[in-house]
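> Here is my input, please return the structure:
(2 chains)
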Protein chains: 2
Amino acid sequence: MTEVYNRIALIGLGLIASSMFWSIRKGNLAQEVVGFAKSKKTRDTAKSIGLCDHVFNNLKDTVSDADLVVLCTPVGVMGEIVEQIAPYLKKGATLSDVGSVKRSVLDAVEPLIPQDVFFVPAHPLAGTEHSGPESGFSSLFENRWCILVPTTSSTPNAVENLTRLWTGMGALVDQMDADHHDLVLAVTSHAPHLIAYTMVGVADDLSRVTEKEVINYSAAGFRDFTRIASSDPTMWRDVFLANKEATLEILGRFTEELFSLQRAIRSDDGKTLFDYFTRTRTIRRGILDAGQDTEAPDFGRSLVEKSKSD
Amino acid sequence: MTEVYNRIALIGLGLIASSMFWSIRKGNLAQEVVGFAKSKKTRDTAKSIGLCDHVFNNLKDTVSDADLVVLCTPVGVMGEIVEQIAPYLKKGATLSDVGSVKRSVLDAVEPLIPQDVFFVPAHPLAGTEHSGPESGFSSLFENRWCILVPTTSSTPNAVENLTRLWTGMGALVDQMDADHHDLVLAVTSHAPHLIAYTMVGVADDLSRVTEKEVINYSAAGFRDFTRIASSDPTMWRDVFLANKEATLEILGRFTEELFSLQRAIRSDDGKTLFDYFTRTRTIRRGILDAGQDTEAPDFGRSLVEKSKSD
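Predicted coordinates for the structure are as follows:
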């Protein structure tokens, strides 16, 4: 793979930025990747594990010579960061981000973009329940989708280069407008996360069932919820506040459906339940066929446990 | 391991029964394991894969010489089956089951138990999203809990032998009364399943988001829900109808909490969201420490995918 950029700057060194670094390095997609983290602890960790060619403690040095700057922080602080870096962005540079919400980022960032800088928001739909600089790995984006949201400050060339970068990291790339992205993600990510957080919170708060019981007997379904409910709290707080309307709309639909199923249970309406549960199997099949999940029973947990003990 | 029973009869040959067979065989826990399935197709599949030493097409022959009979059917038909097998159960035999609900099974079955037969309901908390005779594997119960619910028709000896069987299959064994079992499972399994089914149903039913989008962009959280929402519809219909009160109680609590988080989102109350999301991380830690899930990122999906392509 030929290099797509000379210098890439990653702002914020968590799961996504660190996975980008290892993936860019592996694919030889840039000559140099530099990073910035606000906290000294994160910078020290990054240096000790060789994350980024240079780790800076100030935004100006991080961005001033970069051809691509990627915001990898929680979405709530992106506007503020762009205010600080805008004066130092190189002429002809591309600014992008990896935020899970696009409308609010676009509204906050686009007005601040200097002329001769191209803004191409992006969202890689990949992640794990772990966070921080040590959680990244080079294959995180392989066969996962990355959605680009071109703006009036994008150019076809800037979009094409960013597409090459993400493709080089193994991702499948699609384009969408910001509002549609936010609605799709409300369904496939934001509402499921809030629901999982809620269910785990309920289990944690029952007086008649002990925490030990919840933990020991979690393998019957509950533990799947705890994985996504252990995702980074700051990131998710920002996501819900930034994608408020679409998330609340989907949650409203969810509650309606839940009530109708509760009613079916209360009135012994087995047919409604059976039909509903049969319908939902199809979508799982589609996800497996699309290569977006593994068919191994139980996500292959038993395989992982065995390979660990080998 | 010494044999615990001479002959074990499994009624219904799905995921749990087939996993029991392979596990009993591996651990040499019985001299003979016979099985019954209502459908000819299931019986033929069982015979072709060597599942059970004998596969019967009638209940009488299945149970008449068995020291342990285990009901492995959906809970809704267990009472009916016991009505049919009760006259043929051997004196001194133990009857057990693997149903996900215990109160309704106990109420339906216990009055039908002949004198000199010992009834020890059980529930192994293990499973995958797959069903049918071919879905079983011998390690399914390893390090998973099996809850026994001794009744007035149990004897200490019958409970002890059944405990030895489950321990021999690798399970951890606990005892509980039926009502508490049903409440605990409503939290750790039944409510999460209904919630997952609901979320998948909502996603499937939106006009503004296509099914292809839901499928492609599922890796951001949604796909975790689809696994448990692809579990066997008959089994789950029966579970909800049989554990109605506890499930509705937990769903009521869930809805209350969900409303309060929706309110926090609507009113920009980031602190409430952040605190809630921080609290739910602890319970995940407990589940990992208890060996009830794997710590591999994303449940180790990437490892599984890689080992497949090796």
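
> residues from the stretch 1-150 of chain A in reach of chain B?
Remark: the part of the stretch 1-150 of chain A in contact with chain B comprises A:100, A:125-130, A:135, A:137, A:139-140, A:142-145, A:147, using C-beta under 8 Å from any C-beta of the partner chain. All C-beta spots, glycine's among them, are computed from the backbone N, C-alpha and C.

> Among these, which ones are in helices?
Using DSSP state H, no member of the residues of the stretch 1-150 of chain A next to chain B sits in helices.

> Pull out the CA atoms of the helix or strand where residue A:280 lies and give them to me as PDB.
Using DSSP states H and E, residue A:280 sits within helix A:270-289. The C-alpha trace of helix A:270-289 is given here as PDB (Å, rounded to 0.1, in the frame of the first residue of the first chain):
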ATOM      1  CA  GLY A 270     -48.700 -17.000  22.900                       C
ATOM      2  CA  LYS A 271     -49.300 -16.600  19.200                       C
ATOM      3  CA  THR A 272     -48.300 -12.900  19.200                       C
ATOM      4  CA  LEU A 273     -45.100 -13.800  21.200                       C
ATOM      5  CA  PHE A 274     -44.200 -16.800  18.900                       C
ATOM      6  CA  ASP A 275     -44.700 -14.800  15.700                       C
ATOM      7  CA  TYR A 276     -42.700 -11.900  17.000                       C
ATOM      8  CA  PHE A 277     -39.800 -14.100  18.100                       C
ATOM      9  CA  THR A 278     -39.800 -15.900  14.800                       C
ATOM     10  CA  ARG A 279     -39.600 -12.700  12.800                       C
ATOM     11  CA  THR A 280     -36.500 -11.400  14.800                       C
ATOM     12  CA  ARG A 281     -34.500 -14.500  13.800                       C
ATOM     13  CA  THR A 282     -34.300 -13.300  10.100                       C
ATOM     14  CA  ILE A 283     -32.300 -10.200  10.900                       C
ATOM     15  CA  ARG A 284     -29.700 -12.200  12.800                       C
ATOM     16  CA  ARG A 285     -29.200 -14.300   9.700                       C
ATOM     17  CA  GLY A 286     -28.700 -11.200   7.600                       C
ATOM     18  CA  ILE A 287     -26.000  -9.900  10.000                       C
ATOM     19  CA  LEU A 288     -24.200 -13.300   9.800                       C
ATOM     20  CA  ASP A 289     -24.400 -13.300   6.000                       C
END
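
> What is it packed up against?
In terms of contacts (3 or more C-beta pairs under 8 Å, 6 or more residues apart in numbering or on different chains; DSSP states H and E), helix A:270-289 is packed against helix A:244-266, helix B:191-204, helix B:211-216, helix B:222-228, helix B:233-242.

> So which elements touch the longest one?
Looking back up the chat, that one is helix A:244-266. Looks like helix A:244-266 contacts helix A:178-185, helix A:191-204, helix A:270-289, helix B:191-204, helix B:244-266 (3+ C-beta pairs under 8 Å, 6+ apart).

> can you check the second one too?
Contacts of helix B:191-204 with other secondary structure elements, assessed using 3+ C-beta pairs under 8 Å, 6+ apart, are made with helix A:191-204, helix A:222-228, helix A:244-266, helix A:270-289, helix B:211-216, helix B:222-228, helix B:233-242, helix B:244-266.

> Between helix A:178-185 and that helix, find me the angle.
On the basis of axes from the mean of the first three to the mean of the last three C-alpha atoms, to 10 degrees, helix B:191-204 is oriented at 140 degrees to helix A:178-185.

> tell me which residues of helix B:191-204 are tucked away?
B:191-204 (16 or more other C-beta atoms under 10 Å in any protein chain shown).

> and if you look at the first one?
For helix A:244-266, burial by neighbour count (16+ other C-beta under 10 Å) applies to A:244, A:246-251, A:253-255, A:257-258, A:261-262, A:264-265.

> Residue A:290: which of these is nearest?
Taking C-beta to C-beta as the measure, residue A:290 lies nearest residue A:250 of the buried residues of helix A:244-266, at 21.1 Å.

> do you know how far that closest one is from residue A:121?
21 Å (C-beta to C-beta, to the nearest Å).

> Using CSV, list the CA coordinates for stretch A:123-138.
C-alpha atoms of stretch A:123-138 as CSV (Å, rounded to 0.1, in the frame of the first residue of the first chain):
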residue,chain,number,x,y,z
HIS,A,123,-17.5,7.4,11.9
PRO,A,124,-15.9,4.0,12.0
LEU,A,125,-18.6,1.5,13.3
ALA,A,126,-16.2,-0.5,15.3
GLY,A,127,-15.3,-0.7,19.0
THR,A,128,-15.0,-2.9,22.0
GLU,A,129,-16.0,-2.5,25.6
HIS,A,130,-12.4,-1.5,26.5
SER,A,131,-11.1,2.0,26.4
GLY,A,132,-7.8,3.9,26.7
PRO,A,133,-4.5,4.0,24.8
GLU,A,134,-3.7,0.3,25.5
SER,A,135,-7.0,-1.1,24.2
GLY,A,136,-6.3,-0.6,20.5
PHE,A,137,-5.3,-3.2,18.0
SER,A,138,-4.6,-3.1,14.3
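
> what is the mean pLDDT for that stretch?
For stretch A:123-138, mean pLDDT is 95.

> Kindly report the same for stretch A:206-218.
Mean predicted confidence for stretch A:206-218 is 92.

> So which residues of the stretch 1-150 of chain A form strands?
Assigned by DSSP state E, counting those that start in this stretch, the strands in the stretch 1-150 of chain A fall at A:5-11, A:30-36, A:54-56, A:68-71, A:94-97, A:118-119, A:122-124, A:145-148.

> Make a markdown table from the helices and strands packed on helix A:270-289 and add distance to residue A:215 to it.
Formatted as a markdown table, the helices and strands packed on helix A:270-289 follow (distance: least, C-beta to C-beta, whole Å):
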| stretch | distance to residue A:215 |
| --- | --- |
| helix A:244-266 | 25 |
| helix B:191-204 | 14 |
| helix B:211-216 | 32 |
| helix B:222-228 | 18 |
| helix B:233-242 | 21 |
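
> Residue B:14: which of those is closest?
Of all the helices and strands packed on helix A:270-289, helix B:233-242 sits nearest to residue B:14, with 8.1 Å by C-beta to C-beta.

> Now do that closest one: which elements does it pack against?
helix A:270-289, helix B:103-109, helix B:191-204.

> Alright, I will stop here.
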